[in-house]
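Trainee: Compute the structure for the input listed below.
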Amino acid sequence: MDSVKTVSPLDGRIVIERPFADMNAALSAVAAALRAQTLWHAVPVADRVAVLEAAIASMVERKAVLAAEITLHMGRPISQSAGEIDGMAYRARHMLALAAEALADREEAAPDGRRYFIRRQPHGTVLAITPWNYPYLTAVNSIIPALAAGNAVILKPSPQTPTIGEHFAEAFKAAGVPEGVFQSLHLSADTTLKLIETASIHYVGFTGSVAGGTAVEKAAAGRFLPVGLELGGKDAAYVRADADIDNAVANLVDGALFNSGQSCCGIERIYVAEAVYDQFIAAYAALVQTYRLGDPQDPATTLGPVVSVQAAERIRAEIGAACAAGAEALIPENLFPAAKAGTAYVAPQVLVKVDHTMAFMREETFGPCVGIMAVQSDGEAISRINDSPYGLTASLWTEDTATGLALADQVNTGTVYLNRCDALEPALAW
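Mentor: Below you'll find the model as predicted:
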């Protein structure tokens, strides 16, 4: 295949086609980045920040256009897509506000009248490889801090959302970012890995699947490149008996179904104290059944298709395998007539009578479905949460903050939420 062909999950049409850059074109882009980066680094930090702020402002002005493309390309309901552009701007502005202090020389105590200080220097050329599920939010995490620090950036957007790079490039150019400092390339997987293996790339930021991250790590092996990987999740929640059940249900349904469950930090498994299990299950299933699955371009739609027919078939198969192994499905699929075989539309599902022998409770599903188990104690809940090869986020639901924080210390994930889930804050590590 010599071009990117974006198939819309709405109806299976090819809606965007762009040529792939071959290896020669990719190497030329790297050479241009190397030349431009030296000049960009010479620009004072305050001036770089001002230019980048102007670029972000111009993208926000075009929010409606960008949101409509997100919906068309990957299927998120239009009522939710604009929020990603707002979130992108919030993150970008937060990082830019930190730039002057973060990039300033750090003075250290020195004896005998000497002066010791640490000066931050850019890596050089940064390769950012980004996914389709939150195309702007994930891309901005690499692009803005890299550019603010004086690096050049080459963005490889997902073939599912290929135009995000064009929008970033247009905004940066209009704001005054010099030519070559930011470039967006459509690259095949093979060309991307060869570029990491051979070209003058100085940092790789990758957000995507575990398999993709493994390939990136192998390509960078032996080159002593810093590599940032943000991969998959099988994120868990624990609802204690003293939790605010209504609050937990509302947030955990949203955490499982927002973006059709296509989030690395989406809720995929929930453990509930036996004393409130029946109450929680009844309320949870009732709320799921209020969702409206359909055309994501309709403002009334609350649940859109998953990214592709292939993804939909995989999700249905995983649910089916769990049910064949003894799980019980609580949501009648006929409540969601848009969910049809051969389409990317998948009905939301809640499975009970699940256990950790099932792949559904251990492997990332990345769809609008969740498994829920009763537990007898805090200890059992923590053990279940930690019984996973993943470790991105977890959430704990309790009115006892002290106990919640004590339990959080026992959870083996990078982020632990208390009485919230699936929320990102740029001031905190991720």
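Trainee: pretty sure Asn311 contacts Tyr345?
Mentor: For the record, residue 311 is Ala, not Asn. No. Counting by Cβ atoms under 8 Å, Ala311 stays clear of Tyr345, with 11.1 Å between them. Heads up, the C-betas are built off the backbone N, CA and C, glycines and all.
Trainee: Looking at these two, which one has more neighbours?
Mentor: Tyr345 (25 against 19; other Cβ atoms under 10 Å).
Trainee: Look up the pLDDT of the more buried one for me, please.
Mentor: pLDDT, Tyr345: 98.
Trainee: Helix, strand or coil: sort out it for me.
Mentor: Per DSSP: H, G, I helix; E, B strand; the rest coil, the local secondary structure of Tyr345 is coil.
Trainee: So which elements touch the helix or strand harbouring Tyr277?
Mentor: Mapping Tyr277 onto the secondary structure by DSSP states H and E places it in helix 277-288. With contacts defined as 3 or more Cβ pairs under 8 Å, 6 or more residues apart in numbering; DSSP states H and E, the secondary structure elements packing on helix 277-288 are helix 245-257, strand 267-273, strand 349-352, strand 369-375.
Trainee: what's the longest helix in the chain?
Mentor: Using DSSP state H to assign secondary structure, the helix with the most residues in the chain is helix 78-103.
Trainee: what residues does the next helix-or-strand element following it touch?
Mentor: Downstream of helix 78-103, the first helix or strand assigned by DSSP H and E is strand 106-108. Outside of strand 106-108, the residues that reach it under the criterion Cβ atoms under 8 Å, 6 or more residues apart in numbering are 115-118.
Trainee: what are the pairing partners of the helix or strand following strand 106-108, and which direction each?
Mentor: Beyond strand 106-108 on the C-terminal side, the first helix or strand identified by DSSP H and E is strand 116-118. When pairing is defined by DSSP bridges, strand 116-118 lines up against strand 106-108 (antiparallel).
Trainee: For the partner strand, what is the distance to the chain centroid?
Mentor: 35 Å (Cα atoms, centre = their mean, to the nearest Å).
Trainee: cool, stretch 289-297 as well?
Mentor: Its chain's average C-alpha position is 22 Å from that of stretch 289-297, according to Cα atoms, centre = their mean.
Trainee: May I see the buried residues of that stretch?
Mentor: When burial is assessed from 16 or more other Cβ atoms under 10 Å, stretch 289-297 yields the following buried residues: 291, 293-297.
Trainee: and that stretch, average pLDDT?
Mentor: Rounded mean pLDDT across stretch 289-297 is 98.
Trainee: For Glu333, which non-adjacent residue is closest in space?
Mentor: Here the nearest residue to Glu333 in space, its sequence neighbours aside, is Ala347; by Cβ to Cβ, 6 or more residues apart in numbering that works out to 4.5 Å.
Trainee: Does the one you found touch Arg292 like I think?
Mentor: No. Contact criterion Cβ under 8 Å: Ala347 and Arg292 do not qualify, at 11.5 Å.
Trainee: picking up where we left off before, deepest in the core, which of the helices and strands packed on helix 277-288 is it.
Mentor: Compared across the helices and strands packed on helix 277-288, strand 267-273 shows the largest average neighbour count, a mean of 25 (mean count of other Cβ atoms under 10 Å).
Trainee: per-residue pLDDT, the nearest residue to Val288 once chain neighbours are set aside?
Mentor: Nearest residue to Val288, sequence neighbours excluded (Cβ to Cβ, 6+ apart): Pro348, at 5.2 Å. In the prediction, the pLDDT value recorded for Pro348 is 98.
Trainee: any idea how far Pro348 lies from Ala36?
Mentor: When distance is defined by Cβ to Cβ, to the nearest Å, Pro348 is 47 Å away from Ala36.
Trainee: From the geometric centre of this protein, which residue sits farthest away?
Mentor: Counting by Cα atoms, centre = their mean, the extreme residue of the chain relative to its mean C-alpha position is Asp112, 49.9 Å from that point.
Trainee: can you tell me which residues contact Thr302?
Mentor: 77, 79, 291-293.
Trainee: In JSON lines: the residues you listed, plus distance to Arg384.
Mentor: As requested, the contacts of Thr302 are arranged in JSON lines below (distance: Cβ to Cβ, whole Å):
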{"residue": "Pro77", "distance to Arg384": "32"}
{"residue": "Ser79", "distance to Arg384": "34"}
{"residue": "Tyr291", "distance to Arg384": "26"}
{"residue": "Arg292", "distance to Arg384": "32"}
{"residue": "Leu293", "distance to Arg384": "30"}
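Trainee: Could you pull up the contacting residues of Arg93?
Mentor: 53, 56.
Trainee: Isn't Gly180 up against Ala32?
Mentor: Yes. Proximity of Gly180 to Ala32 meets the contact threshold set by Cβ under 8 Å, at 4.0 Å.
Trainee: picking that back up, and of the buried residues of stretch 289-297, the nearest to Ala402?
Mentor: Of all those, the one sitting nearest Ala402 is Tyr291; the distance, using Cβ to Cβ, is 35.4 Å.
Trainee: Regarding Ala54, what are the backbone dihedral angles?
Mentor: Backbone dihedrals for Ala54, given as degrees, to the nearest 10, come out at phi -60, psi -40.
Trainee: my read: it touches Gly176, true?
Mentor: Yes. The pair Ala54 / Gly176 is scored as a contact, 7.4 Å apart, by Cβ under 8 Å.
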